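[1] Kindly generate the corresponding structure for this input.
(2 chains)
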Amino acid sequence: MSWDWQFFLQDTGGGETYFHWMMSAWGWTLALSGCALALALATGTVMGIARTTQVRAFVWIGNAWTELFRNIPLIVQLFLWYHVVPQLFPTLQEVPDFVAAVVGLGLFTSARISEQIKAGIQALPRGQRYAGLAVGLTLPQTYRYVLLPMALRIVIPPLTSESMNIIKNSSVAFAVSITELTFFAMQAQEETSRGIEIYLAVTFLYFISALAVNRVAAFIERRMRVPGMIGSAK
Amino acid sequence: MKLLPKTGFVLVTALFALSVSAQDLTGTLKKIKDSGSITLGTRESSGALAYTLGDGKYVGFHTEMGEKIAADIKKALGMSQLAIKFQPVTSQNRIPLVQNGTVDLECGSTTNNLARQKDVAFAVTTYVEEVRILTKANSGIKGIADLNGKTVATTTGTTSVQTLRKNRRAQGMDFKEVFGKDHADSFLLLESGRADAFVMDGQILAGLASKAKNPADFKIVGEVLSVEPLACMLRKDDPAFLKVVDDSIKAMIKSGELAKMYDKWFMQPIPPANAKVGLPLSEATKQAWAHPNNKPMEEYTLP
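    So this is what the prediction gives:
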């Protein structure tokens, strides 16, 4: 086995080097993961909260949402958004591939986040909710000022895992024409025949991306710590 | 007792002769003879060149040719039995599998190019692939120039992606690319209207179109975008094995057997759908057969 890293400086035939191409592919991976994570956090939190209310319609919607998106494999969901939905609703044919991938990956992850938010809220003693309501807060106020400040701190560790997962899961998006890192790896190794070097470089980029998320989340966790509460024991 | 030295001499000579013939065999030929089997690398979905029918059955033009080469190897080694094992490979793993000895001879749809020649050896070219444009018959697209402003599909992990990139740059064109994860996926992009054209190896396009619901809806148009010699791939630095393989292919060309095989897989109805690919032998492939060679892709020029 002989190493050859020189090819990263070769021209791809399109006026840039393989290294440039890999950096832009990395950019797509991060952009896709970031947008999907924002969508997942927003919808997942809403659905997770809905499932802990006493309003039956909200609970039903939250449960249905979660079960729908976590019981279908991610790649199948991406194909549904990319191939099937635009056929059913022709107006959606103009939606860019990137948006379809963000929606697919984001909603898949939202089901997992919904589950974690729900678990975080349910981990609190039931008395907290009653206390909030007893002092005259409305239900939304009880969530805003009593339940969520504690529940969200509790779920920072699982949400960190989920944020790292979304970067790794974004690799599936090559199947719906997103030119991210996995796409780069498959394509560039065919063109250069240097598969081992390419997969090593791509592995390293995935690794440092996920590790960076982990460090950022650890920082947030430290800054959010409240003495005397769960997660502050260090 | 006087005879003994002479008998001894004869015995020693005989033993020597035997050991020489065993030593003659090195590399892959020795491995095949010792193990009584050969492992052919094949593809699961490379159009009529090499594909699977399921249940571990592998067929196609290059697959059948590979079986014939194995039969010739058996003859050359004077073996009474030779088991042929098939190992399906992908574009990602075919070179490592040949290098590490899992696959002895890969006859699928591998392009002979300079980058690969650093890692593996190629037999003489048996098929010259031409990259073409497939489009809907009513699309009005007649060549690469008409792709300006259109969406073009191609398959991830193929050289066509690079061909398209080079063409785009050379001609200063602007089109959107979409990438299917495999050929069937790319064809779906064209069929569903997400893409206006599908750029890929001609025989793969012809094969996909022939299996469509309505083959007449699709048409291969325009100029040849790239020419790629396809050949069987084997381990590097094994001249004895390469010679046996090359001799077998040359004999098939001479006897007309290869042409018959081509006709069987490209002009006649083939399983599983009994559809015809309908792709007559190209001028470039005829040339490659007339003058057997293992020139890499870089030495070919566009017609």
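
[2] At which residues are the helices of chain A located?
    In chain A, the segments counted as helices under DSSP state H are A:18-50, A:56-70, A:74-79, A:85-88, A:97-122, A:126-134, A:139-142, A:148-154, A:156-169, A:181-192, A:195-224.

[3] List the contacts of stretch B:210-218.
    Contact with stretch B:210-218 is made by B:134-138, B:187, B:190-191, B:209, B:273, B:275-278, as judged by CB atoms under 8 Å, 6 or more residues apart in numbering or on different chains. C-beta here means a position set from N, CA and C on the backbone, and glycine is covered the same way.

[4] still on that earlier bit, relative to chain B, which of the helices of chain A is closest?
    Taking CB to the nearest CB, helix A:181-192 is the member of the helices of chain A nearest to chain B, at 4.4 Å.

[5] what helices or strands is that closest one leaning on?
    Packed against helix A:181-192, as judged by 3 or more CB pairs under 8 Å, 6 or more residues apart in numbering or on different chains; DSSP states H and E, are the following elements: helix A:18-50, helix A:195-224, helix B:159-170.

[6] got the angle for it vs helix A:18-50?
    Following axes from the mean of the first three to the mean of the last three CA atoms, to 10 degrees, one obtains 160 degrees for the angle between helix A:181-192 and helix A:18-50.

[7] Tell me what angle helix A:181-192 forms with helix B:159-170.
    Using the same axes, to 10 degrees: helix A:181-192 against helix B:159-170 is 90 degrees.

[8] Run through who's touching helix A:181-192.
    With CB under 8 Å, 6+ apart as the criterion, helix A:181-192 contacts A:7, A:10, A:12, A:18, A:21-22, A:25-26, A:28-29, A:171-174, A:194-195, A:198-199, A:202, A:205-206, B:91-92, B:115, B:156-159, B:161-162, B:179.

[9] Point out where chain A drops to low pLDDT.
    Applying pLDDT under 70 to chain A flags the ranges A:1, A:230-234.

[10] Show me which residues of it are close to chain B?
    With CB under 8 Å from any CB of the partner chain as the criterion, chain A meets chain B at residues A:12-15, A:83, A:86-87, A:93, A:97, A:174-175, A:177, A:179, A:183, A:186-187, A:189-193, A:195.

[11] quick one: least confident helix or strand in chain B?
    helix B:3-24 (a mean of 50; mean pLDDT, DSSP states H and E).

[12] Just after it, pick out the following helix or strand.
    Sequence-wise, the next helix or strand downstream of helix B:3-24 (DSSP states H and E) is helix B:27-35.

[13] Tell me how far that next one lies from the chain's centre.
    23 Å (CA atoms, centre = their mean, to the nearest Å).

[14] what's the answer for stretch A:177-196, then?
    A distance of 23 Å separates the centroid of the chain from that of stretch A:177-196, by CA atoms, centre = their mean.

[15] Kindly report the same for stretch A:72-89.
    For stretch A:72-89, the separation from the chain centroid amounts to 18 Å (computed by CA atoms, centre = their mean).

[16] Spit out the contact partners of residue 38.
    If you meant another chain, say so; for now it's chain A. A:Gly106.

[17] Actually, chain B is the one I wanted.
    Here B:Ile38 is in contact with B:Ile32, B:Ala70, B:Ile73, B:Leu82, B:Ala83, B:Ile84, B:Lys85, B:Asp104, B:Leu105 (criterion: CB under 8 Å, 6+ apart).

[18] Burial check on the closest residue to A:Ala201 other than its chain neighbours, number of neighbours?
    In space, and not counting its chain neighbours, A:Ala201 is closest to A:Met22: 6.6 Å by CB to CB, 6 or more residues apart in numbering or on different chains. Residues near A:Met22, counting by other CB atoms under 10 Å in any protein chain shown, number 19.

[19] How about the one 10 residues further on?
    For A:Leu32, the count of nearby residues is 24 (other CB under 10 Å).

[20] repeat for A:Ser170
    A:Ser170, neighbours per other CB under 10 Å, totals 29.

[21] mind listing the strands in the stretch 151-300 of chain B by residue range?
    Secondary structure of the stretch 151-300 of chain B (DSSP state E, counting those that start in this stretch): strands at B:151-155, B:176-180, B:197-201, B:218-230, B:233-235, B:269-270, B:275-276.
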